[in-house]
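Novice: give me the fold of what follows.
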Amino acid sequence: MPPRGDADRKVLSPSTAARARDDVMNALRDATKPRASNEGRTKRKKFAQERGEAAPAERARTIPHGEPCDAIPMDWSVKSSVRIMSEKSFHWCSCLGAVAVSEGLRAYSGGEAGGRGRENDYGELRGGEQLASAQRALTKASYSCIYPADRLNNAEIGAFYDKAESKAWRERRQTTWTEALVSLYGLLRVRQCYAFYIIYQERTILFCAPGVGGVEDGGYAVVTECPGRMRTALSESGVHFVSADEEAAAIDIAKKAKKQLWRAEDELKNDIDDSKSFLDSVAGDEVSRAADRRAVENNEEATKLANMDRPSAARLIAAGTIICRGAIAVSGLLNLLIESGGADPGSASYDVMDVPTLLAPVPFAHSCMKPLALHVQMNTAFRSEKDIAGSKPFGAQPAKERVVYTAETERNEFVPPWTLARVCAVLAATQGDIRVMCSTVPQTHGLNVGVIAARDFSERNITRREKLLVRECAYYDEAETSRIMAPPPLGSSVVSKIEYVNGKYYV
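Specialist: Residues are numbered from 1 along each chain as shown. This is a model prediction of the structure:
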């Protein structure tokens, strides 16, 4: 073969020649290294390969703890914010069509229970247009009736309170609020509305029709965070009420009795256990002995008795909740609220406040139909299956990013229980598995305790039973009516987390 000429000779650039020289030197260096120096890299590759094979099994959805149920348990507290998470996109919730929105709004305002085969109890979405059916169902489920639509804080009210032109506006607002309250109570009496809320800044009042929460001896009202000022106003108006915690009242009586001086042998004995006094059996294990005149010699016993003076949070909520039972007591409470003209009869603050919020599942006089707005966003969780060196292990599956879509409400919103249940049912039917995180309005924590206490009083009242309880209305079907009439299964707790997996709810 003849020698190559200068024209056929390939000339390398300085940078290419330098990279080639470095590659050769690195290869020789790696070949001369001992095997022990590569053990760390080998372990990392092996660990990454094992993680890549085990990752799909770890990402499989596990069944949550708790008993499965077909519907969300009834929780009478109002939520201040709701966040819903899913592995499917919520984009269809943020781009609702005008036709679907108008039809959903018309279905809610007219009390339609579905119509034309599009929705069936929010459980199964069917029809020719799946997306339009879901949007119509979500629109109908997200609406509630409220007055006033926009709340004004104390600063906004105080800014124009002293102005002459604001007097007529405030009088007109109070008159409108009173008319709306009377309208709601009329719907409650004729069984067209099973319950409605009056939400003040410091407390909440829940009016319930007979049958709500399993109460069969008449309608009732629950007042949370009820101070002595409001109890005095009720007593002066001749309104009979009872505390949601009977045991707390018994403890108060026992504490007053224990302040008296007597000899130990004068104390009555309990028939069940002679070692316990009569006051102990009445007051329970949380009775206070700190006010006893007898000296406590043992420091450990003194510490134990001091801790008994600290009731639990649930006990404090129950002690501050009262119940007005029967038509006479509920009407007396209503008259007290009407005479206050929208002001809080239990508030000791002299600040100027706006009228409280009226919230109901059905339309009433001067009410506004307010939807629950959902803000959609996407969160991506990066989970790489690559090793530290950056090379993909041999045989490992390609890494997949875990995407979580969220739809959440505004902060400091009022989300009633019927809206929460309906929206979750629609999203569960379209999204599949979902996870819901809730925050509760603080002044509504005692509502479940009040409903349970009213049911306990109703069970002991054997002289009177209502034959006509909550009946099915155009705005809630038979399944929702059964949830309304059942006692709250959560006790004094509230719903804070909901998971929907494989067609079942876990709370």
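Novice: from here on, contacts and neighbour counts on C-alpha atoms
Specialist: Will do.
Novice: pull the number of nearby residues for the closest residue to Ile328 other than its chain neighbours.
Specialist: Leaving aside its sequence neighbours, Ile328 sits nearest to Val239 (Cα to Cα, 6 or more residues apart in numbering; 7.9 Å). Val239 has 20 neighbours, counted by other Cα atoms under 10 Å.
Novice: check Phe457 too.
Specialist: As a burial measure, Phe457 scores 16 neighbours (other Cα under 10 Å).
Novice: what is the mean pLDDT for the host helix or strand of Ser80?
Specialist: Element membership for Ser80, per DSSP states H and E: strand 79-86. For strand 79-86, mean pLDDT is 93.
Novice: before we move on, what about stretch 107-116?
Specialist: Computed over stretch 107-116, the mean pLDDT rounds to 65.
Novice: and the next helix or strand past the strand holding Ser80?
Specialist: Heading C-terminal from strand 79-86 (DSSP H and E), you reach helix 91-94.
Novice: show me what that next one is packed up against.
Specialist: helix 130-141, strand 375-381 (3 or more Cα pairs under 8 Å, 6 or more residues apart in numbering; DSSP states H and E).
Novice: related to what we said a few turns ago, what sits against the residue nearest to Ile328?
Specialist: Neighbour list for Val239: Cys324, Ile328, Ala329, Gly332, Leu333 [criterion: Cα atoms under 8 Å, 6 or more residues apart in numbering].
Novice: excluding residues flanking it in the chain, which one is nearest Ile84?
Specialist: Using Cα to Cα, 6+ apart and skipping residues adjacent in sequence, the residue nearest Ile84 is Val436, 4.5 Å away.
Novice: host element of that neighbour?
Specialist: Element membership for Val436, per DSSP H and E: strand 434-440.
Novice: for whichever helix or strand comes after that strand, list every residue counted as buried.
Specialist: Downstream of strand 434-440, the next assigned helix or strand under DSSP H and E is helix 447-460. Neighbour-count burial for helix 447-460 flags Leu447, Asn448, Val449, Gly450, Val451, Ile452, Ala453, Ala454, Arg455, Phe457, Ser458 (criterion: 16 or more other Cα atoms under 10 Å).
Novice: and the furthest pair within those?
Specialist: Pairwise distances across the buried residues of helix 447-460 peak at 16.5 Å for Leu447 and Ser458 (criterion: Cα to Cα).
Novice: low-confidence stretches in the stretch 251-400 of the chain?
Specialist: Residues of the stretch 251-400 of the chain that meet the criterion pLDDT under 70 lie in 251-316, 350, 379-400.
Novice: one more pass at 50, please.
Specialist: Applying pLDDT under 50 to the stretch 251-400 of the chain flags the ranges 262-297, 382-397.
Novice: what sits up against stretch 324-331?
Specialist: Against stretch 324-331 from outside (Cα under 8 Å, 6+ apart): Asp217, Gly218, Gly219, Tyr220, Ala221, Val222, Val239, His240, Phe241, Val242, Leu333, Ala454.
Novice: and Ala343, how far from Ala168?
Specialist: 16 Å (Cα to Cα, to the nearest Å).
Novice: same question for Asp23.
Specialist: Distance from Asp23 to Ala168, counting by Cα to Cα: 88 Å.
Novice: what about these two, which has more around it?
Specialist: Set Asp23 next to Ala168 and count neighbours by other Cα under 10 Å: Asp23 wins out with 12 against 9.
Novice: tell me if that one really is in a helix.
Specialist: Yes - checked against DSSP: H, G, I helix; E, B strand; the rest coil, Asp23 lies within a helix.
Novice: wait, Gly346 sits on Val223?
Specialist: No - look at Gly346 against Val223 with Cα atoms under 8 Å: they stay out of range, at 10.5 Å.
Novice: Leu152 and Val355, how far apart?
Specialist: Distance from Leu152 to Val355, by Cα to Cα: 9 Å.
Novice: between those two, which has more neighbouring residues?
Specialist: Neighbours were counted for Leu152 and for Val355 using other Cα under 10 Å; Val355 has more, 24 against 14.
Novice: and the residue nearest to that one when sequence neighbours are not counted, helix, strand or coil?
Specialist: The shortest distance from Val355 to any non-neighbouring residue, by Cα to Cα, 6+ apart, is to Gly342 (4.8 Å). Secondary structure assignment for Gly342 (three-state DSSP): coil.
Novice: which helix runs longest in the protein?
Specialist: Ranked by number of residues, the top helix in the chain under DSSP state H is helix 164-189.
Novice: now do the next helix or strand after that one: which elements does it pack against?
Specialist: Following helix 164-189 in sequence order, the next helix or strand is strand 195-199 (DSSP H and E). If contacts are counted by 3+ Cα pairs under 8 Å, 6+ apart, strand 195-199 sits against strand 204-208, strand 357-360.
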